[in-house]
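In: sequence isn't available, so here's the structure alone:
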């Protein structure tokens, strides 16, 4: 297994060489989005309206951070179960989504879309949200504020540790 330091803007350049099991330190911009936010993003897409961020080249972190403690950038920010977003992910990948971060297995449609679109699915460790918060250097709520912890946030990561779980060559850490 290889180790990489990658800026999120370079994921598409690296996606063909990343292999399931590789360890990566990610830096750059990601967007949080869970079930409720995905539903609203799809409503916007279906109506042809502007999205809260550009999907092309983006990375979505399936997370809903806890409230921010005094003196910190963000509260605990661990991954949520990715399978709940399986119904949404293939379409977003087909629209140019470069990567996803979450935890757990993905269905065959998502695996096929990752491969078809030269994308990548990263896994983060469940239960390590307080540790992951230390690798988030900036947090800005950008959409759906009424959803509370499930609102869409723009995060700036610095050396955020993940593992390649599904690669663009058909590799799958879960199989």
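Out: Great, that's in hand. Everything quoted here is computed from the prediction, not taken from an experiment.

In: thought residue 40 was touching residue 144?
Out: Yes. Using CB atoms under 8 Å, residue 40 makes contact with residue 144 at a distance of 5.6 Å. Every residue, glycine included, has its C-beta placed from N, CA and C.

In: and for residue 20, the neighbour number?
Out: 20 (other CB atoms under 10 Å).

In: okay, helices next: where are they in this structure?
Out: 11-14, 35-47, 89-94, 108-116, 129-133 (DSSP state H).

In: figure out which of these is closest to residue 171.
Out: When the helices of the chain are compared for distance to residue 171 using CB to CB, the nearest one is helix 108-116, at 9.2 Å.

In: distance-wise, check residue 101 relative to residue 61.
Out: Per CB to CB, to the nearest Å, residue 101 is found 4 Å from residue 61.

In: between the two, which has more neighbouring residues?
Out: Ranked by neighbour count (other CB under 10 Å), residue 101 and residue 61 place residue 61 first, with 29 against 25.

In: tell me the contacts of the more buried one?
Out: Listed by CB atoms under 8 Å, 6 or more residues apart in numbering, the contact partners of residue 61 are 30, 31, 32, 33, 77, 79, 100, 101, 102, 124, 155.

In: of those - the most surrounded one?
Out: residue 33 (31 neighbours).

In: so that residue touches residue 152, yeah?
Out: Yes. Counting by CB under 8 Å, residue 33 touches residue 152, with 5.6 Å between them.

In: where do the contact lists of the two overlap?
Out: residue 41.

In: still on that earlier bit, need the helices of the chain in TSV (columns: distance to residue 83).
Out: Converted to TSV, the helices of the chain look like this (distance: least, CB to CB, whole Å):
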stretch	distance to residue 83
helix 11-14	22
helix 35-47	11
helix 89-94	10
helix 108-116	9
helix 129-133	18
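
In: pick the most buried one from those helices.
Out: helix 89-94 (a mean of 20; mean count of other CB atoms under 10 Å).

In: contacting residues around that helix?
Out: Outside helix 89-94, the residues that reach it (CB under 8 Å, 6+ apart) are 41-42, 45, 55, 60, 82, 97, 100, 106, 109-110, 112-114, 116-117, 119.

In: out of the helices of the chain, nearest to residue 172?
Out: Among these, helix 108-116 comes nearest to residue 172, with 6.2 Å by CB to CB.

In: name the helices or strands packed onto the closest one?
Out: helix 89-94, strand 120-123, strand 152-166 (3 or more CB pairs under 8 Å, 6 or more residues apart in numbering; DSSP states H and E).
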